[in-house]
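Visitor: next input, structure requested:
(chains A and B)
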Amino acid sequence: MQQMVFDFFKLCNVEPVEIRKGVWQVQADDALMKELDGWRAQGRLLQFTFDQRLAELYGADLICRGSYRLNSILRVIRQQGTLSQAHIPHHFFHEPSIRKKILGSFAATERAYVVNCSLLYSPYLELTILVEARGLQKKESLHTVVVDLSSGNVLKFAFPYHLLKSEGVPKDALCKRKCSLKQAFRSATAHLNNLIAQTDTSWAHEARHKVNIEEEKLKDFFQGQVDSDEFRAKQEELHQRIGPVLRMDALRGAMLSVPLFKYRLVVVGSTGKEKTKNVMYDPIGNLYSQDLDQVPSDTPDRPGTHDQD
Amino acid sequence: MSHIVFLALVGNPPIRANLCVPVNPLITILENGQPCLRRSNHLLQLFPGLLRTQTKNESPALFHEETLTHYKSEVLARGFKEIVSDLRRQHYDTWDWYTLAKRADAFMIRQQETDELLAVEYLKERWKQVGVVPYQHQLQTARRVVFEMQGQAILADEVGLGKTIEAGLILKEYLLRGLVKKVLILAPASLLWQWYHELYEKFGINTGIQRSEWDWTYSDILIASLDTAKREPHASTIGSIPYDLLIIDEAHKLKNSSTVSYRFVNAIQKKYCLMLTATPVQNDLKELYNLIGLIKPGQLGSYRSFKERFIQDKRTPKNPHELKGLLSQIMIRNRRDEGTIQFTKRIVHPIVISMTPKEQELYNRVTQFVRARSQQTGMQNILPLITLQREVCSTFLATALTLEKMMLNMEFQQMEQVADLLKELADVKQNSKCDALERLVGEMHDKIIIFTEYKASQEYIRYRLERAGYKTLAFDGTLSRGKKQWIRHMFQKEAQILVSTESGGEGLNFQFCNQIVNFDLPWNPMRLEQRIGRVHRLGQARDVHIFNLITKDTIEEHIMYLLHQKINMFETIIGELDTILLHLNLGKSFESEIMEIFLAHDEQEKIREKLDRFGERFIKGQDEVRTSAWELF
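Guide: Residues are numbered from 1 along each chain as shown, chains lettered A, B, ... in the order given. Reported below is the predicted structural model:
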């Protein structure tokens, strides 16, 4: 929590100074104070501490679970970062080794030569999805799903976040996505549905059981008149209250560009006949495909042109 | 190979040209030149809906819905739409903000992973500032409602144990957990401001008080009067809105299922519902059945089966243990005698004041006038006479003003008589009660609230005390809410004496003061309890001293005898006063009952004897109310 607060101030271009042991101070300008405390607030020296005793002693804002100051900071942070972008640079991968691996993949009777090599990027969409399991109680969890926009598949392994560099990539280096954003979101939520269905569904069982009991009581109260509007309204209320529902909402997303190595090869067969082949290699998924006539897009890839998002 | 990072550069140079430079979200310059965060709360405050397209009360649009084996799966479109919209506009936040926001999301979710009340943590600072100390029974109640009762409960604590605090705590908890958004609070008109104030001050919940038809739709948390809400066109509007939480104060008004109020509340679409009443049963167990039917129909079965299984007679239950078990699933009743709260003591100091012969003579003349007038007008028009009789025990100034008003409706001969009286009242230069008050105030060094029933008396008391060199503040029903708050603040911080009429003190609490002076006594125990309740309530840390100024050989002596010696109103808190009064079935007001006794008898002994009987009736009623049906809870 402390680190998060310091990071927040750092991103706001203000540097906390420790004026007493355990008490920090930042020079918050009008803009920052308005974000934190509302439009009436004005810039001031904002002193804060994480220790209740020190807060009382020096009148500094207390930052702890549930405190006003922490909540105001969290509110501002969570308002930001709805969409971002990052990429993995090609130079993190040793191209000669990749080239060697590709050339080595042909049969012993064939010979292959690299005509040219292009360094492209493949688009991935990372979605942070809030999942609420609502039954007798509400339980929230946060899931990050990465969807390969070239194939529409959800990444089954952990994405190498440590390789990511902030900022995007030039549009002409980015391969066109074949999967719409809608499809990607659908794939991500379907993946989460499966994941949750395979793990713990006891919350849903409990809620369903309770709904059944309450429905019986309701029928008893209405003495079997289950067609009446009032019964239906009460039944609806019951389901609203404790009916098991898994609710998902995307909180934030990021466009991730991962490197693609594209080789144009000339392959000479055992008969001496030459063939031209395109080979694409994705080092993140360790996937390579041949004869993909995929070329970098000439026109800029405007997001949203592929689908009706 | 693929997961091994080689830091060595490949032959091709790294791509550097034409990079999409993200906008730093911090540095967006407004038209007025002010910098602000790109997704600015500040902007949202000034122009709601600027960045978010969702309008108020719009139910979350579904992206996809599916019914699976065990549960229904709903995918909301809201968040995704926002991402796509940003993508179209190429509005990228920096990666640092993005990762920080993700950390904040995770932190928030971790915070909510608790079976404890979040509200307690969130309100700690506020409660410290406003001096609220939540009691264990209140926290326990809120916990039970949220975690065990799924937000459906009748909060039936005895009077003064903080039902409003419990409801506020539950509301705050649901708001923090994101389970409610649209809330309707229905209360008697006189309590709307009290709700507004309590929710804001103690829970930081901003609410609206219903004033127009539009408020139902556009206000998320709305406080409204039940009587207004049940009328058209309001009732239809409310009926079409699905509420997340409905809170009904003084819910015993819904005991009768054939009333408009009952049908109206029954028709409201609600997910969670809280009903607040200190008296879930007043006369008949059917009332309880009706009340529960509003919250959880079927909890007690059909009425026929309920009658067969649980009703012996109107007030006596059959199978009380079984019924108690069923009720405990839906109702929570905390009682004073269960050690829930240790209230401080009430210490009564009666101060008997002898009037001067002149004052006594005038008192007798006014009393004779009241008796004569009551014989002429009959008991139907007794109210002004009661007022006059009470005022003459307060100050002659108040008496004179009432007499003046009465003169307007009198015939000439009677007017002459009243004019004589007025002349004599004007001649009295002394007020023994105020002299005694001055002496009393001189002996007290802490803050004091002086209560009087009449505005004229209030002004006279202030005049006398100011003349004697004391700083005073006045509190009455004509002051606006803001002024009342300001005067309360001034009293807490600056002044020593507050002179208040009863209506002035309604809804405000003065726990920082522990001395009250009853300059005149109200005849109704409910009003007396309200006075004392301003200072003797949850949060009062010191014993409360109650000084009663009683003029000797007046009706006030009899009132004091009834309220103090017979009913023991001052020292004990009689929880169900309204129920007891209702149960007594007087057919008239408490004041009228006393006045009738007083007018019907000349001799003091006879009056005392009648008041004795009346007091006994009250105590018997109190016992009856506390037994039978009450044992259920």
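Visitor: what segments of the stretch 151-300 of chain A are helices?
Guide: Using DSSP state H, counting those that start in this stretch, the helices found in the stretch 151-300 of chain A span residues A:181-198, A:202-221, A:229-242.
Visitor: which secondary structure elements does the helix or strand harbouring B:K433 contact?
Guide: Here B:K433, judged by DSSP states H and E, is contained in helix B:432-443. Contacts defined by 3 or more CB pairs under 8 Å, 6 or more residues apart in numbering or on different chains; DSSP states H and E place helix B:432-443 against strand B:346-353, helix B:455-467, strand B:515-518, strand B:544-551. C-beta coordinates here come from the backbone N, C-alpha and C atoms, glycine included.
Visitor: can you tell me the SS state at A:H143?
Guide: Using DSSP: H, G, I helix; E, B strand; the rest coil, the structure places A:H143 in strand.
Visitor: just list whatever residues bridge to it.
Guide: For A:H143, the beta-bridge partners are A:I129 (DSSP bridges).
Visitor: what pLDDT does it get?
Guide: In this prediction, A:H143 carries a pLDDT score of 90.
Visitor: quick one: contacts for it?
Guide: With contacts defined as CB atoms under 8 Å, 6 or more residues apart in numbering or on different chains, A:H143 is in contact with A:T128, A:I129, A:V131, A:L192, A:L195.
Visitor: pull the contacting residues for the fourth one.
Guide: The neighbourhood of A:L192, defined by CB under 8 Å, 6+ apart, consists of A:I129, A:V131, A:H143, A:V145, A:M248.
Visitor: nearest to chain B, of those?
Guide: Compare each of those with chain B using CB to the nearest CB and the shortest gap goes to A:M248, at 4.8 Å.
Visitor: give me the pLDDT for the closest one.
Guide: Predicted confidence (pLDDT) for A:M248: 90.
Visitor: give me the neighbour count for it.
Guide: A:M248: 24 surrounding residues under other CB atoms under 10 Å in any protein chain shown.
Visitor: go on, the one 4 residues further on?
Guide: A:R252 is surrounded by 26 other residues when neighbours are defined as other CB under 10 Å.
Visitor: report how many residues lie close to the nearest residue to it once chain neighbours are set aside.
Guide: Excluding its sequence neighbours, the residue lying closest to A:R252 (CB to CB, 6 or more residues apart in numbering or on different chains) is A:T128, at 4.7 Å. As a burial measure, A:T128 scores 22 neighbours (other CB under 10 Å).
Visitor: do B:I449 as well
Guide: 22.
Visitor: can you check B:R211 too?
Guide: Neighbourhood size, B:R211 [other CB under 10 Å]: 10.
Visitor: try A:R241
Guide: 22.
Visitor: what does A:T276 give?
Guide: Look at A:T276: counted by other CB under 10 Å, it has 10 neighbours.
Visitor: that one touches A:V115, doesn't it?
Guide: Yes. Look at A:T276 against A:V115 with CB atoms under 8 Å: they come within range, at 7.4 Å.
Visitor: what touches both of the two?
Guide: Common contacts of A:T276 and A:V115 (CB under 8 Å, 6+ apart): A:R264, A:L265, A:V266.
Visitor: burial measure for the second one, as a count.
Guide: When neighbours are defined as other CB under 10 Å, A:L265 has 20 of them.
Visitor: repeat that for the first one.
Guide: By the criterion of other CB under 10 Å, A:R264 has 15 neighbours.
Visitor: also B:L521?
Guide: Neighbours of B:L521 (other CB under 10 Å): 25.
Visitor: got a list of what it touches?
Guide: Contacts of B:L521 (CB under 8 Å, 6+ apart): B:C393, B:L528, B:N548, B:I550, B:E556, B:I559, B:M560, B:L563.
Visitor: cutoff 7 Å now
Guide: The contact partners of B:L521, by CB atoms under 7 Å, 6 or more residues apart in numbering or on different chains, come to B:N548, B:E556, B:I559, B:M560.
Visitor: write the ChimeraX selection for whichever of the residues you listed are buried.
Guide: In ChimeraX syntax, the buried subset of the contacts of B:L521 is picked out as below (16 or more other CB atoms under 10 Å in any protein chain shown):
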select /B:548,556,559,560
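Visitor: mind listing which of the contacts of B:L521 are in strands?
Guide: Counting by DSSP state E, those place B:N548 in strands.
Visitor: now, the most widely separated pair of the contacts of B:L521?
Guide: Pairwise distances across those (CB to CB) peak at 9.7 Å, for the pair B:N548 and B:I559.
Visitor: what's opposite B:T501 in the beta bridge?
Guide: Going by DSSP bridges, B:T501 is paired in beta bridges with B:T452.
Visitor: was I right about B:C393 contacting B:T551?
Guide: Yes. With contact defined as CB atoms under 7 Å, B:C393 reaches B:T551; the gap is 5.6 Å.
Visitor: how close does the residue in the stretch 201-350 of chain B positioned nearest to chain A sit to B:S394?
Guide: Taking CB to the nearest CB, chain A has its nearest neighbour within the stretch 201-350 of chain B at B:G298, 3.3 Å off. Counting by CB to CB, to the nearest Å, the separation of B:G298 from B:S394 is 55 Å.
Visitor: who has more neighbours, these two?
Guide: B:S394 (25 against 20).
Visitor: tell me the contacts of that one?
Guide: B:T452, B:E453, B:Y454, B:S457, B:F519, B:D520.
Visitor: right, and the fifth one touches B:E453 too?
Guide: To tie it back to what came earlier, the one meant is B:F519. No. With contacts counted by CB under 7 Å, B:F519 stays clear of B:E453, the gap being 8.5 Å.
Visitor: B:C393 should be in a helix, yeah?
Guide: No. Counting by three-state DSSP, B:C393 is not found in a helix; it is coil.
Visitor: what's the local residue count around it?
Guide: By other CB under 10 Å, the burial measure for B:C393, its neighbour count, is 24.
Visitor: same question for B:Y561.
Guide: 17.
Visitor: quick one: it and B:N548, what's the gap?
Guide: Counting by CB to CB, the gap from B:Y561 to B:N548 is 11 Å.
Visitor: and what of A:K165?
Guide: 81 Å.
Visitor: between the contacts of A:H143, which sits nearest B:R371?
Guide: Looking across those and measuring by CB to CB, the closest to B:R371 is A:V131, at 78.7 Å.
Visitor: SS state for the closest one?
Guide: A:V131 - assigned by three-state DSSP - is strand.
Visitor: residue boundaries of the strands in chain A?
Guide: Ranges of strands within chain A are A:17-20, A:23-28, A:44-49, A:61-62, A:83-87, A:111-134, A:138-148, A:165-166, A:245-268, A:274-282, A:287-290, based on DSSP E.
Visitor: equivalent analysis for the stretch 151-300 of chain B, please.
Guide: Listed in chain order, the strands of the stretch 151-300 of chain B (DSSP state E, counting those that start in this stretch) span B:152-155, B:183-187, B:208-209, B:221-225, B:242-248, B:269-276.
Visitor: let me see the mean pLDDT of the longest helix along chain B.
Guide: As assigned by DSSP state H, the longest helix anywhere in chain B is helix B:604-626. In this model, helix B:604-626 has an average pLDDT of 78.
Visitor: what comes up buried for that helix?
Guide: Neighbour-count burial for helix B:604-626, counted by 16+ other CB under 10 Å, picks out B:I607, B:K610, B:L611, B:F614, B:G615, B:F618, B:G621, B:Q622, B:V625.
Visitor: and of the residues you listed, the nearest to B:M331?
Guide: Using CB to CB, B:V625 is the member of the buried residues of helix B:604-626 that lies nearest B:M331, at 17.3 Å.
Visitor: dump the residue contacts of B:W523.
Guide: B:R390, B:I559, B:F590, B:E591, B:I594.
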